[in-house]
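>>> how would this look folded up:
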Amino acid sequence: MAKQNQSPGFIHNVFFWLKEEITEDQKKAFLKALKSLGEINTVCDLYTGTPAGTPRVVVDNTYDFALIVHLDDQVDPIHEAFAASQSHLWEKVQVFDVLIK
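This next block holds a predicted model:
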């Protein structure tokens, strides 16, 4: 059930497909970098994870990591620094932004 007093903003859903040659240490560092995005002042909630492996035709379990963030504004130097420092690790990124009113 959704909270009745949600603050407006975005739900920023980001799915990452990492390059095949990425090591386990690089994956751990990537996850740590994802979690560091919680330091952005406008972040209300942040979740990270890997595919749940749900066995349904409509579920895409091919990504490596997901980032789900409720935030008030997407423009932040921490976000830009993350993308600049981590983009060499991913093959593909898919973003779904949801506007909360």
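
>>> what's the spacing between the helix or strand bottoming out on mean pLDDT in the chain and its chain's center?
Taking mean pLDDT, DSSP states H and E as the measure, the helices and strands of the chain show their lowest mean at helix 77-86, namely a mean of 91. Mean-position distance between helix 77-86 and its chain equals 12 Å (C-alpha atoms, centre = their mean, to the nearest Å).

>>> how much space separates the residue positioned nearest the centre of the chain from K101?
In the chain, the C-alpha closest to the average C-alpha coordinate belongs to L67, at a distance of 1.9 Å (C-alpha atoms, centre = their mean). In this structure, L67 lies at 22 Å from K101, with C-beta to C-beta, to the nearest Å as the measure. C-betas here are computed from N, CA, C, even on glycine.

>>> got it, and E21?
Distance from E21 to K101, by C-beta to C-beta: 42 Å.

>>> also T48?
Noted for T48: a distance of 26 Å to K101, by C-beta to C-beta.

>>> ok, N13 next?
N13 sits 17 Å away from K101, going by C-beta to C-beta.

>>> if you count what's nearby, which of these two comes out ahead?
When N13 is set against K101 and neighbours are counted by other C-beta atoms under 10 Å, the residue ahead is N13, at 15 against 5.

>>> list the contacts for the more buried one?
66-68, 95-98 (C-beta atoms under 8 Å, 6 or more residues apart in numbering).

>>> check which helix or strand it maps to.
For N13, the enclosing helix or strand under DSSP states H and E is strand 9-18.

>>> that older thread, show me what secondary structure element comes after the least confident helix or strand of the chain.
Using DSSP H and E, the helix or strand that follows helix 77-86 towards the C-terminus is strand 90-100.

>>> quick check: mean pLDDT of that following strand?
Averaged across strand 90-100, pLDDT comes to 95.

>>> show me what that strand is packed up against.
For strand 90-100, the packing partners by 3 or more C-beta pairs under 8 Å, 6 or more residues apart in numbering; DSSP states H and E come out as strand 9-18.

>>> N41 should be in a strand, yeah?
No - remark: N41 does not belong to a strand; assigned using DSSP: H, G, I helix; E, B strand; the rest coil, it is coil.
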